[in-house]
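Student: predicted structure and sequence below. I'll ask about it afterward.
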Amino acid sequence: MTVRWWHLRRGIPWTAVLGCCVAAGLLAGLLARWPSAALVLLPGVLACCATATVFLYDEAALPVVAVTPRGGAWRRTTRLTAAALPLGVWGLLVVARPGDLPLDRSGWWLLGGATILLTTGTAALASRREVPSPGATLAGGVVLTVLGLVVVTTLLGWSTVFPMTGFDQAALTFWLVVGAAGAAAWLGALWPARWSVG
């Protein structure tokens, strides 16, 4: 067994990650039963998959492992590989199209990928700042942000950033900016430290 595999098996709170993935599957089941509620349920599925990724960076023994010779970048990139599970759940649900929704698959893959890139990047940044459990802090914010986008765009009469059939230029630009913010967060999380703090 490699060291990375051991770290993934022992270091990640799989109960929280798998719980979020199961919740995404349950919401997809509800979506298959009530496709008319897709405006809320599909972003809910996205919120569950994105929330699963922030729990990947919870580290109970962070003060101990932060000073190991392997370093924080090794830990963060190893944990990033586990993000393939929630990303795979998201991709599978987009391919399955529960409720026979006429989804623009490429747009929804972009949307999920950008969101997961941002959530993993934010959690990795928190891990770099030695926050031991960023999942508990970020999970609520992820759900509120994703579902808040639905509520705000609906109440204000704006075009939705979660279109079912085709992504207009505004929605596409929004999700590209989200993806760019996620890439910037990852760059910050992996950037080598030059100065010692404290």
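Tutor: On my side now, so go ahead. Residues are numbered from 1 along each chain as shown.

Student: where does pLDDT dip in the protein?
Tutor: 1, 7, 60-72, 193-198 (pLDDT under 70).

Student: can you map out the strands along it?
Tutor: Under the criterion DSSP state E, the chain contains no strands.

Student: count the neighbours of Thr15 for me.
Tutor: 9 (other C-beta atoms under 10 Å). (Glycine included, C-beta is placed from N, CA and C.)

Student: same check on Cys49?
Tutor: For Cys49, using other C-beta under 10 Å, the count is 30.

Student: which ones are touching it?
Tutor: Contacts for Cys49 (C-beta atoms under 8 Å, 6 or more residues apart in numbering) come out as Cys20, Cys21, Ala24, Pro86, Leu87, Val89, Trp90, Gly112, Thr115, Ile116.

Student: looking at the residues you listed, which is nearest Asp58?
Tutor: Cys20 (12.3 Å; C-beta to C-beta).

Student: correct me, but that closest one touches Trp90?
Tutor: No. In this structure Cys20 lies outside contact range of Trp90 using C-beta atoms under 8 Å: 11.1 Å.

Student: reformat the contacts of Cys49 as JSON lines; add distance to Gly166.
Tutor: Output for the contacts of Cys49, formatted as JSON lines (distance: C-beta to C-beta, whole Å):
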{"residue": "Cys20", "distance to Gly166": "29"}
{"residue": "Cys21", "distance to Gly166": "28"}
{"residue": "Ala24", "distance to Gly166": "24"}
{"residue": "Pro86", "distance to Gly166": "26"}
{"residue": "Leu87", "distance to Gly166": "23"}
{"residue": "Val89", "distance to Gly166": "24"}
{"residue": "Trp90", "distance to Gly166": "20"}
{"residue": "Gly112", "distance to Gly166": "17"}
{"residue": "Thr115", "distance to Gly166": "19"}
{"residue": "Ile116", "distance to Gly166": "22"}
